[in-house]
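A.B. asks: Make a model of this:
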Amino acid sequence: MALDIRENNRSEGKSVETGRLRRLESEVERLRKRMYEAVAGEQSRLTSSQVLPVSRELDALIIEYYKEKAKQEVSYEEALRNP
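C.D. replies: This next block holds a predicted model:
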């Protein structure tokens, strides 16, 4: 059933996974703001115990975002080759 939905969305120029990318983008932005606030413009705070966990979480989320984006690009290219 999910395959049928994905195929229908492709024909409309949409992707089921687009929502996931948007959620990841929102979460990256939220964490980026949180980290910026924790640093508050002072570079010495970049290694503080409050900033490091947020930084690590942000790094992991960015990696997840780019993996998802690459996966979608491959799926899109496959859809173009196999209409």
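A.B. asks: C-alpha from now on. contacts and neighbour counts both.
C.D. replies: OK.
A.B. asks: lowest average confidence, helix or strand, in this protein?
C.D. replies: helix 2-11 (a mean of 36; mean pLDDT, DSSP states H and E).
A.B. asks: What residue, apart from its backbone neighbours, is nearest the spatially most central residue of the chain spatially?
C.D. replies: The residue lying closest to the centre of the chain (C-alpha atoms, centre = their mean) is residue 65, at 2.8 Å. Nearest non-adjacent residue to residue 65, counting by C-alpha to C-alpha, 6 or more residues apart in numbering: residue 24, 6.1 Å away.
A.B. asks: Can you get me a residue count around that neighbour?
C.D. replies: Here the number of neighbours of residue 24 (other C-alpha atoms under 10 Å) works out to 18.
A.B. asks: One more: residue 61?
C.D. replies: Neighbour tally, residue 61, other C-alpha under 10 Å: 17.
A.B. asks: how far away is it from residue 41?
C.D. replies: Separation of residue 61 from residue 41 (C-alpha to C-alpha, to the nearest Å): 23 Å.
A.B. asks: quick one: average pLDDT of the longest helix along the chain?
C.D. replies: Using DSSP state H to define each element, the chain has its longest helix at helix 51-81. Mean pLDDT, computed over helix 51-81, is 86.
A.B. asks: Buried residues of it, list them for me.
C.D. replies: In terms of neighbour count (16 or more other C-alpha atoms under 10 Å), helix 51-81 has its buried residues at 51, 54-55, 58, 61-62, 65, 68-69, 72, 76.
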